[in-house]
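1. take this sequence and fold it.
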Amino acid sequence: MWLHRVDARTDGPEARTALRELAAEYGLIDELGPIPGLPLPIAVAGGRRTSTLVLGWPPARLGGGPGETLAEACGARAAPLDPWRTARLLAGLAGLCATLAPLHRRGTGHRRLAANGIIMLDDGRLVLRDLGLAAREPRSGEAPDGPQAPEQSRRRGSGTPGPHTDVYRLAAIAYHLVTGRAPHPIAPTLGANLRPDLPASLGRALGQGLGADPRSRPNIGEFAAALTAVRDELA
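-> The predicted model follows:
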């Protein structure tokens, strides 16, 4: 299970908002229904100042323990993925785009996607650990603990975080795992020279996803199609 807990030491507006948002995340998962890749809602419980959201964590087929996150499955080393693992990653990310699409149709996004919050199943499919910030109002400076999109940053951003933020963060995750380094927040190195052993179309797809202007990025369906096309080239 994955536990997300809020402890409010004082009964103020910020504490009440945090408690409401936790309950709203549970309600949003339940309302979206059984969509492949979404976490399984188990319970939300608590009192006036404490609340815990309990979500199911998929088990690994071998051993029955909790499945690995994408960060664990790909290793903490800086070495980039080989072409076969890159193709597997792109297929998983394309599937995750389909999971995120219902959120995007509602005009919201996860907005906290990171490799340590995405779980890899035994067959290579990727699923979400939680809904991130989908049940919260967008805020300047949000989600600094991952590949923060420009519109999420107080220093670099323009525009409001939303569905386009997920495209940026997925592209940043892919870039990091494929190259072994995080993309530069202002000017990522992309194009045909991304990796000589990988199709130039991968650099183009990630470059579009990492666009500084949210309006220039593809939507989640277009990004999934671009990743799938690169995967097919590798296959």
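2. show me the shaky parts of the chain.
-> 76-78, 156-157, 187-193 (pLDDT under 70).
3. C-terminal to the lengthiest helix in it, what's the next element?
-> When the chain is scanned for its longest helix (criterion: DSSP state H), the result is helix 83-105. Downstream of helix 83-105, the next assigned helix or strand under DSSP states H and E is strand 118-120.
4. which one is the residue sitting nearest the centre point of the chain nearest to, not counting chain neighbours?
-> Nearest to the mean C-alpha position of the chain, counting by Cα atoms, centre = their mean, stands L113 at 2.4 Å. Excluding the flanking residues, the one nearest L113 by Cβ to Cβ, 6 or more residues apart in numbering is R169, at 4.1 Å. (Each C-beta comes from the backbone N, C-alpha and C, glycine too.)
5. same thing with P147?
-> Nearest to P147 is A172, by Cβ to Cβ, 6+ apart, at 3.3 Å.
6. send over the helix or strand where the one you found lies as CSV, restricted to the C-alpha atoms.
-> Assigning secondary structure by DSSP H and E places A172 in helix 163-179. Coordinates of each C-alpha in helix 163-179 appear next as CSV, following Å, rounded to 0.1, in the frame of the first residue of the first chain:
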residue,chain,number,x,y,z
PRO,A,163,-2.4,18.9,-18.6
HIS,A,164,0.6,20.3,-20.7
THR,A,165,2.7,20.0,-17.5
ASP,A,166,2.4,16.2,-17.6
VAL,A,167,3.8,16.1,-21.2
TYR,A,168,6.8,18.1,-20.1
ARG,A,169,7.5,15.9,-17.0
LEU,A,170,7.1,12.7,-19.0
ALA,A,171,9.5,14.0,-21.6
ALA,A,172,12.0,15.0,-18.9
ILE,A,173,11.8,11.5,-17.3
ALA,A,174,12.4,9.9,-20.7
TYR,A,175,15.3,12.2,-21.5
HIS,A,176,17.0,11.5,-18.1
LEU,A,177,16.7,7.7,-18.4
VAL,A,178,17.7,7.6,-22.1
THR,A,179,20.7,10.0,-21.8
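7. elements contacting that helix?
-> When contacts are defined as 3 or more Cβ pairs under 8 Å, 6 or more residues apart in numbering; DSSP states H and E, helix 163-179 sits against helix 70-74, helix 83-105, helix 200-209, helix 220-234.
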